[in-house]
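In: Here is my input; please provide its structure:
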Amino acid sequence: MKTEKKVNFVGCNDDIAAAEVVLAGIPYDVTSTFRHGSEEGPDSARAYSDSIETFSPDRFDDIADHKIADAGNLVLASQKPEEAVTEMEAYAESFIEKGKKVLYVCGEHLITYPLVKSYFKKYPGLKVVYFDAHADLRDNYDGNKLSHSTPARRICEMIGPENVFMFGIRSFEKQEMAYIRENRILCDPNMEEFLNVMDTIENSPVYISIDVDVIDPGFLPGVGTPEAGGLSYKDFLKAVEGFSGLKNIVAADINELSPKYDPMGASSVFVAKMIREMLLVMAGK
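Out: Alright, predicted model coming up:
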């Protein structure tokens with residue numbers, strides 16, 4: 001598969017073959033329904049990572065003390081959703097075959113669906129932890145089943161709604177709320193059940209997806225679909241601490257940073273720190 005890279009994420013300078021964790025960009029934004037720009041997210045996070053330290057005082061750990069590679073960005077042969085998701089599945093499977101743990105830094109949230117599909121083939125007992133401001137549970141958007149409004153619905157249909165755990169959600173369509181209630185999906189806007197969920201899925205294979213619009217837009221305005229309210233950076237750190245108790249994080253993604261809506265760059269710095277924390281928790285000690 002063709003990839004390209006302008007600059008590494010800070011401290012991620014090892015070869016993929018030797019890496020404990022791989023950072024891989026998928027800069028795709030075609031189905032966003034309000035405003036586009038997340039295709040610039042992966043490279044902006046890399047560029048602004050130069051402004052942060054490789055050491056995390058919260059995890060008391062340093063990226064430089066681990067073997068972490070930056071694989072660059074996937075270059076898709078087609079931008080059509082039906083064809084692009086097939087390429088994304090194949091890309092994820094190439095890492096699974098190599099036994100590599102990957103943090104995907106993505107454009108729009110649709111990308112999570114083909115990635116989870118690949119990991120579910122390898123791990124039938126897969127659990128998905130899903131952070132977002134929006135439910136993403138529409139059956140379709142203007143007739144399109146492959147939209148950034150539908151990935152959580154497609155994932156529930158694939159792995160079972162009882163295996164999806166949603167946090168930070170604060171925006172629903174009426175039919176989405178009905179689907180949540182009908183299928184008894186755990187949907188916790190304030191993370192009140194978060195630690196209980198982490199205990200429950202501690203020994204399961206887990207995929208973590210984080211749409212950065214779960215963060216309050218007062219802290220992180222550079223997103224395509226901002227939603228009032230939301231989590232803080234300290235809330236995110238509490239989530240990372242919870243992730244640290246999981247025995248088998250098979251992969252994760254961070255998505256939907258749209259840097260052009262925050263020309264001061266604060267959103268890209270915020271997301272760069274999120275990436276650092278996730279790389280460290282996935283590498284472990």
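In: what residues are up against the closest residue to residue 150 other than its chain neighbours?
Out: Nearest non-adjacent residue to residue 150, counting by Cβ to Cβ, 6 or more residues apart in numbering: residue 138, 5.2 Å away. C-beta: built from backbone N, CA, C; applies to glycine. Shown in contact with residue 138 (Cβ atoms under 8 Å, 6 or more residues apart in numbering): 147, 149-150, 153, 173, 175-176.
In: next one: residue 58
Out: 237, 240, 277.
In: Which pLDDT value belongs to residue 284?
Out: If you check residue 284, the pLDDT there is 88.
In: mind checking how far the residue lying closest to it once chain neighbours are set aside is from residue 234?
Out: With sequence-adjacent residues excluded and distances taken as Cβ to Cβ, 6+ apart, residue 284 is closest to residue 244, at 7.8 Å. Here the criterion is Cβ to Cβ, to the nearest Å. By it, residue 244 lies 16 Å from residue 234.
In: likewise residue 70?
Out: Counting by Cβ to Cβ - residue 70 and residue 234 are separated by 27 Å.
In: Looking at these two, which one has more neighbours?
Out: Set residue 70 next to residue 234 and count neighbours by other Cβ atoms under 10 Å: residue 70 wins out with 24 against 9.
In: circling back to that earlier point, so which of the contacts of residue 138 wins on neighbours?
Out: Most neighbours among the contacts of residue 138, by other Cβ under 10 Å: residue 149, with 28 neighbours.
In: tell me the secondary structure for that residue?
Out: Classification of residue 149 by DSSP: H, G, I helix; E, B strand; the rest coil places it in coil.
In: Tally up the residues packed near residue 75, please.
Out: 12.
In: Over to the one 5 residues further on?
Out: Applying the criterion other Cβ under 10 Å, we find 12 residues in the vicinity of residue 80.
In: Residue 255: what's it in contact with?
Out: Here residue 255 is in contact with 38, 41, 104-109, 111-112, 209-212 (Cβ under 8 Å, 6+ apart).
In: mind redoing it with 7 Å?
Out: Residue 255 makes contacts with 38, 106-109, 111-112, 211, as judged by Cβ atoms under 7 Å, 6 or more residues apart in numbering.
In: For the residues you listed, which ChimeraX command selects only the ones that are buried?
Out: Filtering the contacts of residue 255 down to the buried ones (16 or more other Cβ atoms under 10 Å) takes a single ChimeraX command:
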select :38,106,107,108,109,111,112,211
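In: can you give me the helices in this structure?
Out: Ranges of helices in the chain, per DSSP state H, are 41-48, 81-98, 112-122, 151-159, 174-183, 194-200, 233-243, 266-283.
In: For residue 65, find the nearest of those helices.
Out: Among these, helix 266-283 comes nearest to residue 65, with 8.7 Å by Cβ to Cβ.
In: For that closest one, give me every contacting residue.
Out: Helix 266-283 is touched from outside by 9, 20-21, 23, 44-45, 48-49, 51-52, 56, 58-59, 61, 63, 66, 68, 101, 103, 105, 212, 219-222, 233, 236-237, 240, 243-244, 249, 252, 254, 257, 259, with contacts defined as Cβ under 7 Å, 6+ apart.
In: Then stretch 117-134?
Out: Defining contact as Cβ under 7 Å, 6+ apart, one finds that stretch 117-134 is touched by 89, 92-93, 96, 116, 152, 155, 158-159, 163-171, 201, 204-211, 213-214, 225, 227, 230, 250-251.
In: Please list only the buried members of those.
Out: 89, 92-93, 96, 116, 152, 155, 159, 163-171, 201, 205-211, 213-214, 225, 227, 230, 250-251.
In: mind listing which of the residues you listed are in strands?
Out: 164-167, 205-211, 250-251 (DSSP state E).
In: Return the member of those residues nearest to residue 34.
Out: residue 211 (13.3 Å).
In: In contact with that closest one, which residues?
Out: 109, 131-133, 255-256.
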